[in-house]
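[1] quick one: sequence and predicted model below, then my questions.
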Amino acid sequence: MKSPRELLLNKHRTVSPKLDVIRREVVAQLPRASARRVGDGWLAGCDLLAWLLARLWTELFVPCRRIWLGLAAIWCLVIALNLSSRETTVQTAKGPAPRAEEVIASLRENQQRIMAELGVASLQPEIAGPREPGPVVRPRSERIQPVAMA
């Protein structure tokens, strides 16, 4: 009994010469096509760019049309909200901005008033004397760990 491989080879043995002819024709056309593209120069670059854009469009945008449409709608909404809030901000700002010294002084006054309401005596923390030197603390990565060998 013949193996399945032998049966398939015998069945397609008559087609093999036809495939060889087709293969030779295709291989004979390949050098001419590449020579034409290289000779054109700029045109070959445009063909490559067009192919790249078409491939990008079919691989990235076409399968996910709804997602890209949703993202575009969200960005349009964000831009519209940004533009509408910018107009109200410009309308509410009247006159020149206060100087930094004035702002700091008013913040300090408010802070002192709040601290007085809370009953805190002073805003300045007490300054402690010089600290006594303590043990040297090394980072954990530099500590020597004893390893037990079993």
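    Looks like it came in fine.

[2] from here on, just use CA atoms for contacts and neighbour counts.
    OK.

[3] helices of this protein, start to end?
    Taking DSSP state H as the criterion, the chain contains helices spanning 4-11, 16-40, 42-56, 65-92, 100-118.

[4] low pLDDT regions in the protein?
    Along the chain, the model assigns pLDDT under 70 to residues 31-45, 87-95, 121-131, 138-145, 150.

[5] how close does residue 52 get to residue 69?
    Note on residue 52: its distance to residue 69, by C-alpha to C-alpha, to the nearest Å, is 22 Å.

[6] I meant to write residue 120 there.
    Distance, residue 120 to residue 69, using C-alpha to C-alpha: 58 Å.

[7] still on that earlier bit, of all the helices of the chain, which one is nearest residue 147?
    helix 100-118 (55.8 Å; C-alpha to C-alpha).

[8] that closest one: how far from the chain's middle?
    Helix 100-118 has its average C-alpha position 44 Å from the chain's average C-alpha position, going by C-alpha atoms, centre = their mean, to the nearest Å.

[9] next: stretch 21-28.
    On the basis of C-alpha atoms, centre = their mean, stretch 21-28 sits 46 Å off its chain's mean C-alpha point.

[10] how about stretch 65-74?
    Taking mean C-alpha positions (C-alpha atoms, centre = their mean), stretch 65-74 and its chain are 18 Å apart.

[11] okay, buried residues for that stretch please.
    By neighbour count with 16 or more other C-alpha atoms under 10 Å, stretch 65-74 contains no buried residues.

[12] the chain should start at 82 in everything you say after this.
    In the new numbering, first residue 82, that becomes stretch 146-155.

[13] can I get that stretch in CSV? Just the C-alpha atoms.
    This file holds the C-alpha atoms of stretch 146-155, laid out as CSV (Å, rounded to 0.1, in the frame of the first residue of the first chain):
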residue,chain,number,x,y,z
ARG,A,146,-13.7,53.2,12.8
ARG,A,147,-16.1,53.5,15.7
ILE,A,148,-13.3,53.9,18.2
TRP,A,149,-11.6,56.6,16.2
LEU,A,150,-14.9,58.4,15.6
GLY,A,151,-15.6,58.3,19.4
LEU,A,152,-12.1,59.7,20.1
ALA,A,153,-12.6,62.5,17.6
ALA,A,154,-16.0,63.4,19.2
ILE,A,155,-14.4,63.5,22.6
